[in-house]
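In: Here is my input; please provide its structure:
(2 chains)
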Amino acid sequence: NAGVTQTPKFRVLKTGQSMTLLCAQDMNHEYMYWYRQDPGMGLRLIHYSVGEGTTAKGEVPDGYNVSRLKKQNFLLGLESAAPSQTSVYFCAIRGDTQYFGPGTRLTVL
Amino acid sequence: GIQVEQSPPDLILQEGANSTLRCNFSDSVNNLQWFHQNPWGQLINLFYIPSGTKQNGRLSATTVATERYSLLYISSSQTTDSGVYFCAVGPINDMRFGAGTRLTVKP
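Out: Numbering: from 1, shown residues only, chains lettered A, B, ... in the order given. Down below sits the predicted model:
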């Protein structure tokens, strides 16, 4: 998907566990985004970054942290997973348009 | 934030039919995009169209910013058009997505 990859593709967590989702791009774009998609809904922005070392909150940031230590990578962390965080997570980059990664399906039991 | 409503929520067509999807939004915007999510979950940008009309093959889109709506037209639909169509509006770093229109095209 235009050089945007997400790791892992699937994950099952127990409540209280932590994990990190990785988004990697090979297009050298400054802007990167993390969204979540819940059933029957559109995407909601969690956090975004306008460049290496910068991050900002989106519409639904609570319970998540992010880091952009390298330009090509944008990490999304869940410190203490909750069932409400069961969702499909999409990473996106912005060039002339937005390019989305394939998604990570996360289930929190 | 901006409210985005899409209609209809579901649409079933026979292959070859035409369709119109609508997106209403609550505030003036300088960014509006249409996306297609295929049955495998992949999201593809279709149009960046804050105003005016654009066409790409069998798809075209029109946004009337002063009246706060956008329309996506699909002509001669094909089974590969199936999926969910989303519009998203607002500042580029705070886009709000509608709930989508789920399109099913039957052979």
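
In: Going by C-alpha atoms from here, please, whenever you check contacts or count neighbours.
Out: OK.

In: Does A:Arg11 touch A:Tyr89 like I think?
Out: No - with contacts counted by C-alpha atoms under 8 Å, A:Arg11 stays clear of A:Tyr89, the gap being 11.0 Å.

In: any shared contact partners between the two?
Out: A:104-106 (C-alpha atoms under 8 Å, 6 or more residues apart in numbering or on different chains).

In: picking that back up, A:Arg11 and A:Tyr89: which is more packed in?
Out: A:Tyr89 (25 against 14; other C-alpha atoms under 10 Å in any protein chain shown).

In: and that one, backbone torsions?
Out: Backbone torsions for A:Tyr89, taken as degrees, to the nearest 10, come to phi -110, psi 130.

In: How much space separates the closest residue to it other than its chain neighbours from chain B?
Out: Once flanking residues are discounted, A:Tyr89 sits nearest to A:Arg36: 4.5 Å by C-alpha to C-alpha, 6 or more residues apart in numbering or on different chains. According to C-alpha to the nearest C-alpha, to the nearest Å, A:Arg36 and chain B sit 11 Å apart.

In: what's in contact with the one helix or strand A:Arg36 maps to?
Out: Assessed by DSSP states H and E, A:Arg36 sits inside strand A:31-37. Here strand A:31-37 makes contact (C-alpha under 8 Å, 6+ apart) with A:43-51, A:74, A:76, A:87-95.

In: Please name the strands paired to that strand in the sheet, noting orientation.
Out: strand A:43-49 (antiparallel), strand A:87-94 (antiparallel) (DSSP bridges).

In: Just the pLDDT for the most centrally placed residue in chain A.
Out: Residue closest to the average C-alpha location in chain A (C-alpha atoms, centre = their mean): A:Trp34, at 3.4 Å. Looking at A:Trp34, its pLDDT stands at 97.

In: Next, the contact list for the spatially closest residue to it that is not a sequence neighbour, please.
Out: Nearest residue to A:Trp34 in three dimensions, chain neighbours excluded: A:Cys91, at 4.6 Å (C-alpha to C-alpha, 6+ apart). Contact analysis of A:Cys91 by C-alpha under 8 Å, 6+ apart lists A:4, A:6, A:23, A:32-35, A:100-101, A:103.

In: Give me the number of neighbouring residues for B:Ile44.
Out: There are 18 residues near B:Ile44, going by other C-alpha under 10 Å.
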